[in-house]
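Trainee: The sequence isn't on hand, but the structure is:
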């Protein structure tokens, strides 16, 4: 987001299914691409992540989101 709260960049990809490591790799690749495209040093960009589902009050885990093992 810029100083006025405007969106600088948005990316969406299909999440890998049933593969935790592939999901983490996809997130890392997106963050690296955003940093590169915005011209910031690795590890500097802030990102937001959205996911479907809701948090279970019983377990604290997401319900209805991408299953990762």
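Mentor: Thanks, I have it. Here the structure is a predicted model, which means the values were calculated and not measured. Numbering: from 1, shown residues only.
Trainee: was I right about residue 61 contacting residue 55?
Mentor: Yes - Residue 61 is within contact range of residue 55, at 7.3 Å (criterion: CB atoms under 8 Å). Any C-beta I mention is one placed from the backbone N, CA and C, and that applies to glycine too.
Trainee: and residue 31, what does it touch?
Mentor: 45, 47 (CB atoms under 8 Å, 6 or more residues apart in numbering).
Trainee: so is it in a helix, a strand, or just coil?
Mentor: helix (DSSP: H, G, I helix; E, B strand; the rest coil).
Trainee: any idea how far residue 63 is from it?
Mentor: Distance, residue 31 to residue 63, by CB to CB, to the nearest Å: 25 Å.
Trainee: What of residue 33?
Mentor: For residue 33, the distance to residue 63 - CB to CB - is 29 Å.
Trainee: same check, this time on residue 35
Mentor: For residue 35, the distance to residue 63 (CB to CB) stands at 32 Å.
Trainee: neighbour count winner among the two?
Mentor: residue 35 (16 against 11; other CB atoms under 10 Å).
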